[in-house]
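Novice: Quick check, what structure comes out for this input:
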Amino acid sequence: MAGVTAAADAAGERFAVEFQVADGSWQREPLSSCHGTRFEEALPARPFRFEKGLRSFAGWWYFATTGMHIGFESWLERDHLMLMDFDPAVRAVASQPFWLCWRDEDGRSRRHAPDFFARRHDGIAVVVDVRPDDRIPERDAQTFAVTAEACEAVGWEYRRAGDLDPVLAANVRWLSRYRHRRCLVPEVAAVLLEAFAGGRGLAEGAELAGDRLRAELVTDPQFEFPAAAPPRGTRPGIGLEGLPAAAVQEASWWEAHIAEVVYGLRPDAPAGTMPRPQYDPGRTSLTERERAKAAELSAAGRPVPASTVKHRRQRWEAHGLAGLVDRRAARRMRPAGRADDRVVDAMRQAIGEAEQASSRTAGFIIWRAREILAGAGYDGACRRTGRFTGCSARCRMAGR
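Specialist: Numbering: from 1, shown residues only. Purely as a prediction, here's the structure:
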């Protein structure tokens, strides 16, 4: 037993920890002396990056357990942070809590900042590194192994967290929206706690609590049912009527691809289908998925840049299927193009006068139209070159 303790002490002395204290200053201590340090309240050891174009997606998660915002550097980190907030055994969490420093076998200085430091209600500390299971190169695997060794030396639990069950993540994400204190209604919470005491299915618990909850909500003078939001899709003035079938079919083709970019799955995906890795919202950013879709379509013989995918995604989110329709398919050019209506009327009058005389040329029609316009006080341009000098334009003016 003494030998094991000595080995642990030696391992603890091998490592050092650098961290920020409340006033922003830095401290460096041997790991063996940091067993009781409250790293769950530590400032991040390194800043989070939010620059455009990064492969990862950083942000802040409202940790309802403590009422604090905790940083994350990827959606997978966010989901694990969300699960820790959901875990009743977790008391507090900090992100990037410290730099763990050591020397490798070659004597080179190494350091690593774990993703999270969690403190459970029983006092046990848990150090967490988050990484997708298929994205761990050998160097990172060695880093995680050394971190696990360091944690064991000081009695901390170490966890390398990977991919999550998408159903679990989706359910907890939905529930997390109601963890905010603004959603707490003590009377309703008491009913729910009673209905779900001991654990039961959602439908069963809702049936037990539903009538009572509905009665409380409906009779509350401060409660009103909001009007149903209009379904996402075609907005007023943006319809599909009168469009060629080919244009609608093309829009539907785009919709399937855009839905995969936004949600990870195509609308026709069978139940239980998992997102392809390059379209998994839990592992990739929206920008990455747009780039992946552009690469996929280009490889399939339909070259499009990522900016086009982004533009169509924005149109689809704003207007639904109608937003993906090529509006050029529905445009109808005026017979006279952009010409002034007064010029058009003058041309039609001149053409009418010339219809009975086959010898009248296009030059006469233009000259006569100028005369008519001058008599009407028109001082705009009426050049010989342009849309109205050809026979086809004359025919359009005459309605032929």
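Novice: Spatially central residue for this protein, please.
Specialist: Nearest to the mean C-alpha position of the chain, by CA atoms, centre = their mean, lies residue 286 at 5.0 Å.
Novice: Tell me which helix or strand residue 343 sits in.
Specialist: helix 341-354 (DSSP states H and E).
Novice: elements contacting that helix?
Specialist: In terms of contacts (3 or more CB pairs under 8 Å, 6 or more residues apart in numbering; DSSP states H and E), helix 341-354 is packed against helix 362-375, helix 391-398. (Each C-beta comes from the backbone N, C-alpha and C, glycine too.)
Novice: averaging pLDDT over each of the ones you listed, which comes out lowest?
Specialist: Of all those, mean pLDDT reaches its minimum on helix 391-398 (a mean of 47).
Novice: if we can go back for a sec, what angle sits between the helix holding residue 343 and helix 362-375?
Specialist: 130 degrees (axes from the mean of the first three to the mean of the last three CA atoms, to 10 degrees).
Novice: With residue 273 as the reference, measure out to residue 267.
Specialist: 11 Å (CB to CB, to the nearest Å).
Novice: no wait, residue 141
Specialist: 30 Å.
Novice: How about residue 199?
Specialist: Taken as CB to CB, the span from residue 199 to residue 273 is 29 Å.
Novice: before we move on, the earlier item: wait, the residue nearest to the centre of the chain sits on residue 264?
Specialist: No. Using CB atoms under 8 Å, residue 286 makes no contact with residue 264, being 10.8 Å away.
Novice: Give me the secondary structure label for residue 160.
Specialist: What DSSP: H, G, I helix; E, B strand; the rest coil gives for residue 160 is strand.
Novice: Confirm residue 309 sits in a helix?
Specialist: Yes. Using three-state DSSP, the secondary structure at residue 309 is a helix.
Novice: Spell out the residue ranges of the helices in the stretch 1-150 of the chain.
Specialist: For the stretch 1-150 of the chain, applying DSSP state H, counting those that start in this stretch gives helices covering 2-14, 75-86, 138-153.
Novice: actually the stretch 201-350 of the chain, not the one I wrote
Specialist: Using DSSP H, counting those that start in this stretch, the helices found in the stretch 201-350 of the chain span residues 202-219, 245-263, 286-299, 306-319, 341-354.
Novice: domain assignment for this structure?
Specialist: The chain is divided into the following domains under automatic domain parsing: 2-167, 245-329, 341-398.
Novice: And these, which one averages the lowest pLDDT?
Specialist: Of all the domains of the chain, mean pLDDT reaches its minimum on domain 341-398 (a mean of 67).
Novice: Tell me how many other residues crowd residue 110.
Specialist: By other CB atoms under 10 Å, the residues close to residue 110 number 14.
Novice: Isn't it up against residue 101?
Specialist: Yes. Using CB under 8 Å, residue 110 is in contact with residue 101, at 7.2 Å.
Novice: how about whichever strand or helix holds residue 170: buried residues?
Specialist: Assigning secondary structure by DSSP H and E places residue 170 in helix 166-176. For helix 166-176, the neighbour count (16 or more other CB atoms under 10 Å) marks 169, 172, 176 as buried.
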